[in-house]
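Chemist: predicted coordinates and the sequence they were generated for:
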Amino acid sequence: MIEFLGKLSNHLGFPVMSSSHGQEIDYMNGWVHWLMLILFVGWGIFFMYTLIRFRSGANPKANYKGVTSHINQYAEYGVILIEAILLIGFAYPIWAKVKTSVPSVDNNTIEVRVVSQQFAWNIHYPGADGKFGDTSAELVDEETNPIGLDRNSPNAKDDITTINQLHLPVNKQAMIYLSSKDVIHSFSLPEMRVKQDAIPGMTIPVFFTPTMTSEEFLNVIKGTAREGMGYEISCAQLCGNSHYRMRGYMTIHESNGYENWLAEQAEELLEEEGDDWGDDDDW
Ligand SMILES: [Cu+2]
């Protein structure tokens, strides 16, 4: 029954749901909508009743005594009770499960740093060694090194960085360490049911497991207004005059597709490194 009520969320026009925890969040949304529907209808009926019951035709003289029954009071208590059940019985436990018990990181976890800034998402992968290189504010160069990665630090050699391109494998837990270079942004992946503020000075873990590849997603949205547009990262916090174009792209791969992408990036990195010695033409 409870699950059935939650399924109202299937009819609320939400984005396609593509993560392992998303169903529970959608159900919660369904339950809240039922409560709001009941309140809307209930108070609507009550409003109509008062309009008729206390119409001027039947009450030519004002009655200063008013209503003496306690039904309204009981109705109010009932609403408080249902809201308390929703909050304490459902919302808190789901939130605790989804959000506060940070899972441990193992070999199967994909760790990524996401550094937000006006108006882009900098994505930082640890590379083959699985360890992030050091970063420093002094090394930040908006053109060539927006996150200030220190390529000379021990673990930085193989680190991969992208701008606005987040790639993840399907069915593996992603652990994103979210931070901000300037103001508060909000890292929003609507299909993953993920939304987390990025706060300067803090590194916040964001974790989810994608359950649908980009290819499958593009198939699912065929024939809808979204057709042809893959997963996106949007900024959900008004963060400046170009907030509207702070948009990133997320690609969810099959696991070998992800490995291929990583290998490609590593290769490009090697080529770039080679460039430091000058082009062949220089010789
Ligand atoms: Cu932003």
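Modeler: Cool, got the structure. Numbering: from 1, shown residues only.

Chemist: identify the residue nearest residue 19 in space, chain neighbours excluded?
Modeler: What sits nearest to residue 19 in space, not counting adjacent residues and going by Cβ to Cβ, 6 or more residues apart in numbering, is residue 192, at 4.2 Å. Yep, even glycine has a C-beta here, placed from its N, CA and C like the rest.

Chemist: my read: that neighbour touches residue 15, true?
Modeler: No. The pair residue 192 and residue 15 does not pass the contact test of Cβ atoms under 8 Å, sitting 9.3 Å apart.

Chemist: which one's more surrounded, those two?
Modeler: For residue 192 and residue 15, the more surrounded residue by other Cβ atoms under 10 Å is residue 192, and the numbers stand at 26 against 16.

Chemist: what's near enough to touch residue 234?
Modeler: 188, 190, 246-248 (Cβ atoms under 8 Å, 6 or more residues apart in numbering).

Chemist: got the phi/psi numbers for it?
Modeler: Backbone geometry at residue 234, expressed as degrees, to the nearest 10, gives phi -120, psi 160.

Chemist: the ion contacts on the chain?
Modeler: Neighbours of the ion within the chain, by Cβ under 5 Å from the ion: 185, 235, 239, 246.

Chemist: swap in 6 Å and give it another go.
Modeler: Taking Cβ under 6 Å from the ion, the part of the chain that reaches the ion is made up of 185, 235, 237, 239, 243, 246.

Chemist: contacting residues for the fourth one?
Modeler: What it means is residue 239. By Cβ under 8 Å, 6+ apart, the neighbours of residue 239 are 118-119, 183-185, 246.

Chemist: could you do residue 262 as well?
Modeler: 125, 160, 167.

Chemist: could you find the closest non-adjacent residue to the residue nearest the centre of the chain?
Modeler: Central residue of the chain (Cα atoms, centre = their mean): residue 194, 2.2 Å from the mean position. Take residue 194 and drop its neighbours on the chain: the residue closest to it by Cβ to Cβ, 6+ apart is residue 208, 5.2 Å away.

Chemist: what is the burial count for that neighbour?
Modeler: With other Cβ under 10 Å as criterion, residue 208 counts 20.

Chemist: residue contacts, it?
Modeler: Applying Cβ under 8 Å, 6+ apart, we find residue 208 in contact with 19-21, 173-174, 189, 192-194.
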